[in-house]
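[1] sequence and predicted structure, then a few things I'm wondering about:
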Amino acid sequence: MTAIKPTRRAMILSAAMVTAWTVDPARALLLQAKPGKAAQRIEDLLRRMTLEEKAGQLTLMAAAWAGGAAVTLNPAGATTSFDAQLAEARGGRLTGVFNGAGSVMAQQMQRVAVGESRLQIPLIFAADILHGFRTVFPVPLAEAASFDPELAQRTARAAATEAAAAGIDWTFAPMLDIARDQRWGRGVEGAGEDVLLGRVMAAARVRGFQGEHGLASRDAVAACAKHLVAYGAVESGLDYRSVDISERTLREVYFPPFQAAIDAGVATVMPSFNELSGIPATANRWLLTDVLRKEWGFGGVVVSDYTADEELIAHGIAPDAREATKIAFNAGVDISMQSGLFLKHLPQLARDGEISLDRLNQAVRRVLTLKADLGLFDDPFLRIDPAREKRVVRVRETLDLAREAGRRSIVLLKNEGRLLPLPRSDKRIALIGPFVGKHDLIGPWNVYGTDADAVGLEAAVRAAVADPALVSATPGAGIEAPIPGGIAAAVAAARAADIVVLAIGEAQTMSGEAQSRTEIVVPAAQMALAEAVAAVGKPVVVLLRTGRALALDGAVANAAAILVTWFLGSQDGPAIADILFGAHGPSARLPVSFPRRSGQQPYYYAHKRTGRPNGPGPLEPYKTHFSGIPDTALFPFGHGLTYGDVHYAALDLGDAIVTRATPLRVKVRLANRGAIAAEEVVQLYVQDVAASVTRPIRELKAFRRIRLLPGEEATAEFSLASDDLTMLDPNLKPTVEPGLFRIWAAPSAEADGVTGSFTLR
């Protein structure tokens, strides 16, 4: 295809536009060509574009002028200069960049794209905004512990508002992988092990990022559902490893969160790194075209993960880069991230007839449509406003939301003798452990936030107590190595105190991508510290910093009180102090099961029944359990205590019959017999007693938050329809099978709560 040179009039208009955008974006709109509707504009561009320009629209690269931690997270992004990247934009060889340095960088690049490139197509600016921009919210796994999709929508909305003010149009979030093996590090980015919780959090985060008024709103960013699919099921929990899984499990467990995101209108989808039963996701036409496009009706953009198309060579699917490009593109990938392979090989592949021009135009059309939907053709500088960035980033309202989200993500695992909440006065408190300092607060996979901007534990505790002089802070040990004299100093601090608060767990670098662990335990140096401090005999509160479920043992498991504090972000310390001293009560629940031993992995509550269940009571020979331990969790999915004393009673199932026309009305009576208000998360589980295909031992079907004052009683009500009991028959067709079901209204997946049965007719 022959390139068309711009006319002198077009060049003058382009120069005028650059000046106008700089001075007055509204004036620039008057100068801009008006081809009519967005679709007509896109078709006009497609007719005028060269093959190379089309390939450029399908090429996304890491920003050369990178922001925050981007160079560390994606080191290959530092291999080109900013001037070279400007030249790529000027030449139409770039659709956009990701993880850039903010609105000033975006402003410079966009001026070149709309003022100096031949077709003046605006760039798109993307970033990894998983749990906040400059204001950092709890990591997604922690936020899932809130069991509150409305909260997740609010934090995603706030993150989008900040990011959009810095020129960002598109975020590579939310991550929707169901994570049932806690050795896998990327579980920290998702919503845990349960399908229902994964679905509702997926939809909430998409709505939050993309907003309620359309993608063209200046505070909306396009969301990206990732990673399609079953990335959380990699063998041995080892990142990037193979996944060999049945289509039944895909459809019942791993597909639903993505379907929920698509139903919520997600703009883009990213395939996973792993292979899926022999075919890498990036090369999997059945997944990306047959299922995603034809079956689910997704019409947006599919973007590869970082160099995933190039990695088809290492997978052994493609012999070289040219073939890898062809395979990924024909499978259904629209944009190549970071490898540059589409730019390099698509034009010649099209000339040689190895990819069709229709498919090439289809991909470009999707990308241009995304840009049009984001309002970039009408105003390329819609989200690029350095003054606005300064006004909306890290404002008081957003920081308050971070604190609220933090405290609502903290899970109380134990509270023997009602040790918590702690008194604010008269007690000497020893803060001990490597996390008393101001580090490892924001968690993994945050590009723009910093620990320097966050508030740590020591400062927050001192601010919360009546007399800060009664608080001491002693590291005692490093995260993975002892400190000379550290244990002796910690023991001395414990002896001088009335209460020990032991802040231990994982560094933020121990969770996230490429951070699989063979032993999901508190590191040995910290365990030695915990044992020494526990031997002093003072009451111990464990604050467990982690990005996954851990197998707890020894002095940590035996502590009187345990709070799972995850990585809570900008307001980490204040959120912990709010719970620690009772300004707010704990209400979060575990989104993942904490196993008894690392060797139980993968462990999740919704496992299938076996022909030889052990049942309650002592371990029996030739039954389903590991040697010496029951086949249960130490702390199961859904577990979490309050400062109240909540009791379940009086399950009411009405006539206990469900039909296609009539749902089951479920009522359960709750009473708070404690002296402190409580917010209880009532969970509704069912078990299909006998079906044509084996079913899980329990499945979460609904949950509801109930606030109870001291001495108060209340009724939690649910409606369970026949559609909620849909399963896949032996031929993988959705069906509803009549029969008997057990039902639990309970405080966790392994608690009895109150139970009964009903019949589906």
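    Alright, I've got the coordinates.
[2] make it CA atoms for all contacts and neighbour counts henceforth
    Will do.
[3] residue boundaries of the helices in the stretch 551-700 of the chain?
    Under the criterion DSSP state H, counting those that start in this stretch, helices of the stretch 551-700 of the chain are mapped to 554-557, 572-580.
[4] residues touching the first one, excluding its own?
    Residues lying outside helix 554-557 but in contact with it, judged by CA atoms under 8 Å, 6 or more residues apart in numbering, are 527, 530-531, 534, 542.
[5] check stretch 363-373 too.
    38-39, 42-43, 46, 54, 57-58, 122, 124, 214-216, 267, 299-301, 334-335, 377-378.
[6] go with 7 Å
    Here stretch 363-373 makes contact (CA atoms under 7 Å, 6 or more residues apart in numbering) with 38, 42, 54, 57-58, 124, 215-216, 300-301, 334, 377.
[7] nearest to Arg403 among those?
    Of all the contacts of stretch 363-373, Leu215 has the smallest distance to Arg403: 27.8 Å, by CA to CA.
[8] surely the closest one is in contact with Leu376?
    No: counting by CA atoms under 7 Å, Leu215 does not reach Leu376; the two are 10.1 Å apart.
[9] for the chain, give me the ranges with low pLDDT.
    By pLDDT under 70, the low-scoring segments of the chain are 1-36, 71, 73-79.
[10] could you rerun that using 90?
    1-38, 66-80, 445, 615-617, 650 (pLDDT under 90).
[11] roughly how far is the helix or strand encompassing Glu397 from the heart of the chain?
    According to DSSP states H and E, Glu397 maps onto helix 396-407. Put simply, helix 396-407 sits 18 Å off its chain's centre (CA atoms, centre = their mean, to the nearest Å).
[12] need the next SSE after it, C-terminal direction.
    strand 411-415.
[13] how many other residues sit next to the closest residue to Arg186 other than its chain neighbours?
    Spatial nearest neighbour of Arg186, excluding adjacent residues (CA to CA, 6 or more residues apart in numbering): Gly512 at 4.3 Å. Under the neighbour criterion other CA atoms under 10 Å, Gly512 is assigned a count of 20.
[14] identify the residues contacting Leu399.
    Counting by CA under 7 Å, 6+ apart, the residues that Leu399 touches are 135, 571.
[15] in the helix or strand containing Thr759, which residues are buried?
    Thr759 is part of strand 754-760 when elements are defined by DSSP H and E. Using 16 or more other CA atoms under 10 Å as the test for burial, strand 754-760 gives 754-755, 757-760.
[16] next: stretch 685-696.
    Residues of stretch 685-696 classed as buried: 685-688, 695 (neighbour count, 16+ other CA under 10 Å).
[17] which helices and strands sit right next to the strand holding Thr759?
    Contacts defined by 3 or more CA pairs under 7 Å, 6 or more residues apart in numbering; DSSP states H and E place strand 754-760 against strand 646-652, strand 657-658, strand 739-746.
[18] direction included, what does the last one pair against?
    Strand 739-746 has these partner strands in its sheet, going by DSSP bridges: strand 678-688 (antiparallel), strand 754-760 (antiparallel).
[19] still on that earlier bit, dump the helices and strands packed on strand 754-760 into TSV; add distance to Ala473 as well.
    TSV is the format used below for the helices and strands packed on strand 754-760 (distance: least, CA to CA, whole Å):
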stretch	distance to Ala473
strand 646-652	35
strand 657-658	58
strand 739-746	39
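[20] these: which one's closest to Lys390?
    Relative to Lys390, the nearest member of the helices and strands packed on strand 754-760 by CA to CA is strand 646-652, separated by 45.8 Å.
[21] can you tell me the strand partners of the closest one and which way each runs?
    By DSSP bridges, strand 646-652 pairs with strand 664-672 (antiparallel).
[22] alpha carbons of the strand it pairs with, as CSV, please.
    Presented in CSV, the C-alpha positions along strand 664-672 are these (Å, rounded to 0.1, in the frame of the first residue of the first chain):
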residue,chain,number,x,y,z
LEU,A,664,-37.0,-20.1,48.3
ARG,A,665,-37.3,-17.4,50.9
VAL,A,666,-34.7,-17.9,53.6
LYS,A,667,-34.7,-16.2,56.9
VAL,A,668,-32.2,-16.6,59.7
ARG,A,669,-32.3,-14.9,63.1
LEU,A,670,-29.2,-13.3,64.6
ALA,A,671,-28.5,-12.1,68.0
ASN,A,672,-25.5,-10.1,69.4
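[23] hmm, who's touching stretch 264-275?
    Stretch 264-275 has contacts (CA under 7 Å, 6+ apart) with 203, 206-207, 222-229, 231, 240-243, 280-282, 300-305, 308.
[24] let's see 6 Å
    The contact list for stretch 264-275, computed with CA atoms under 6 Å, 6 or more residues apart in numbering, reads 203, 206, 222-229, 240, 242-243, 280-282, 300-304.
[25] for Gln601, state which of the contacts of helix 554-557 is nearest.
    The nearest member of the contacts of helix 554-557 to Gln601, counting by CA to CA, is Met527 at 21.1 Å.
[26] residues of stretch 717-728 that come out buried?
    Using 16+ other CA under 10 Å as the test for burial, stretch 717-728 gives 718, 720-722, 725, 727-728.
[27] dump that stretch to CSV, restricted to CA.
    Extracted in CSV, the C-alpha atoms of stretch 717-728 (Å, rounded to 0.1, in the frame of the first residue of the first chain):
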residue,chain,number,x,y,z
GLU,A,717,-33.3,-12.6,54.5
PHE,A,718,-32.3,-14.2,51.3
SER,A,719,-34.1,-15.3,48.1
LEU,A,720,-32.7,-18.4,46.3
ALA,A,721,-34.1,-18.9,42.8
SER,A,722,-33.9,-22.0,40.7
ASP,A,723,-31.4,-20.2,38.4
ASP,A,724,-29.0,-20.0,41.4
LEU,A,725,-29.0,-23.8,41.4
THR,A,726,-28.0,-24.2,37.7
MET,A,727,-25.3,-26.7,37.0
LEU,A,728,-23.7,-28.3,33.9
